[in-house]
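Colleague: Just the structure for this:
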Amino acid sequence: MNNGPSGFHNAPVTRTFVIACTILTIFIGMQGRSSSLGLANQDIFKKLRLWRLISSIFAFSSTPELMFGIYLLYYFRVFERQIGSNKYSVFILLSVILTALFEAIALLLLKDPSVGILAPGPYGLIFASFIPFYFDIPVTTRFRIFGIHFSDKSFIYLAGLQLLLSSWKRSLLPGICGVLAGISYRLNVFGIRRIKFPEFVASFFSRLSWPSSSALTGNPTGNVPSHTGRQIERNYAPAVGLASVVEPVEDAVATLVSMGFDQNSARQALVEARNDMNMATNILLEAQSH
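Modeller: Take a look at the predicted model:
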């Protein structure tokens, strides 16, 4: 399964989130405070300190969980490229809030002493992302290993299963709550998919000077590569009495393919949209819905 351009090209929010998770996990782990993170039953009945709440959202409790979690977050950057940084920021916020709400309800209803403190980390965002991954990312390759059928999506599911069961009940419950959050978002409960941040909020992440592959090439994060404009200008060569023919930009084709669209369909959409990525994405999504 082609996951598109390497690095965090067109995914500044994901880049910031991944870096924050990594730094906080390492910092809290060095201080030996990982065991104090995570939501517990008693937190519902007493004041929860802000630092613990924020840290529990970002920081994992162990290195293996961090590795699998970062791998999945990095892969799911495809959704930010698909819906844009603004909507993806909303998706992150709603996933975190809804997961925390579901976790609190589950702890109140279950009252299972064996659960103790729930596993910390962005389980809500990761497992909410499995919902659009299941419905929107098509299978492109199928194969068999020892007679067992697999697809190119199987490895993502296996990584998610490993993270889901990493701490048994402590991680299983947050994962399930994350899936419920993803379903709520997809079903557009209470119209939550219409929520948008002011544009400056999402664009803030693009201006952060985190190192990335696009920064190394001198391209502004979140935009089509800088040479695209020059290529389009060449394709717009005027001809008297003839309509200009626009050739699809290869980087834009790769980005659309990374979202799960067919390569030929991506090329046609870019030609129709005159290499406008947002318009081309809308054309492809509308075509899928019919």
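
Colleague: Could you pull up the contacting residues of the residue nearest to residue 35 when sequence neighbours are not counted?
Modeller: Of all residues not flanking residue 35 in the chain, residue 61 sits nearest, at 7.1 Å (CB to CB, 6 or more residues apart in numbering). (Each C-beta comes from the backbone N, C-alpha and C, glycine too.) Contacts for residue 61 were tallied using CB atoms under 8 Å, 6 or more residues apart in numbering; they are 34-35, 37-38, 119-121, 167.

Colleague: same deal with residue 57?
Modeller: 96, 100, 120-122, 124.

Colleague: Please, which helix or strand holds it?
Modeller: Assigned by DSSP states H and E, residue 57 belongs to helix 50-58.

Colleague: Over to residue 140?
Modeller: Using DSSP H and E, residue 140 maps to neither a helix nor a strand.

Colleague: returning to that earlier point: mind checking which helix or strand the residue nearest to residue 35 is in?
Modeller: According to DSSP H and E, residue 61 maps onto no helix or strand at all.

Colleague: How about residue 125?
Modeller: Per DSSP H and E: helix 123-136 holds residue 125.

Colleague: Take that helix, keep the C-alpha atoms, and write them as PDB.
Modeller: Output in PDB follows, covering the C-alpha atoms of helix 123-136 (Å, rounded to 0.1, in the frame of the first residue of the first chain):
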ATOM      1  CA  TYR A 123      -5.100   5.800  22.000                       C
ATOM      2  CA  GLY A 124      -8.100   7.800  21.200                       C
ATOM      3  CA  LEU A 125      -6.600   9.400  18.000                       C
ATOM      4  CA  ILE A 126      -4.900   6.200  16.900                       C
ATOM      5  CA  PHE A 127      -7.900   3.900  17.200                       C
ATOM      6  CA  ALA A 128     -10.400   6.500  16.000                       C
ATOM      7  CA  SER A 129      -8.200   6.600  12.800                       C
ATOM      8  CA  PHE A 130      -8.800   2.900  12.200                       C
ATOM      9  CA  ILE A 131     -12.400   3.800  11.300                       C
ATOM     10  CA  PRO A 132     -11.600   5.900   8.200                       C
ATOM     11  CA  PHE A 133      -8.700   3.500   7.500                       C
ATOM     12  CA  TYR A 134     -11.200   0.600   7.300                       C
ATOM     13  CA  PHE A 135     -13.700   2.400   5.200                       C
ATOM     14  CA  ASP A 136     -11.700   4.800   3.000                       C
END
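
Colleague: on that earlier part again, report the angle between the helix holding residue 57 and helix 123-136.
Modeller: Going by axes from the mean of the first three to the mean of the last three CA atoms, to 10 degrees, helix 50-58 is angled at 30 degrees with respect to helix 123-136.

Colleague: Return the set of buried residues in helix 50-58.
Modeller: Within helix 50-58, the residues scored as buried using 16 or more other CB atoms under 10 Å are 52, 55-58.

Colleague: ok, the residues you listed vs residue 107, which is closest?
Modeller: Lowest distance from residue 107 to those (CB to CB) belongs to residue 56, with 13.4 Å.

Colleague: What's the local residue count around the closest residue to the closest one other than its chain neighbours?
Modeller: Distance criterion CB to CB, 6+ apart; nearest residue to residue 56, sequence neighbours excluded, is residue 120 at 4.1 Å. Residues within reach of residue 120, counting by other CB atoms under 10 Å, total 29.

Colleague: The one 10 residues further on too?
Modeller: Other residues lying near residue 130 total 19 when counted by other CB under 10 Å.

Colleague: distance of the closest residue to it other than its chain neighbours from residue 178?
Modeller: Of all residues not flanking residue 130 in the chain, residue 160 sits nearest, at 6.0 Å (CB to CB, 6+ apart). Using CB to CB, to the nearest Å, residue 160 is found at 10 Å from residue 178.

Colleague: Could you do residue 190 as well?
Modeller: Distance from residue 190 to residue 178, by CB to CB: 18 Å.

Colleague: neighbour-wise, which of these two wins?
Modeller: Taking other CB under 10 Å, residue 190 and residue 178 do not tie; residue 178 has more neighbours (28 against 9).
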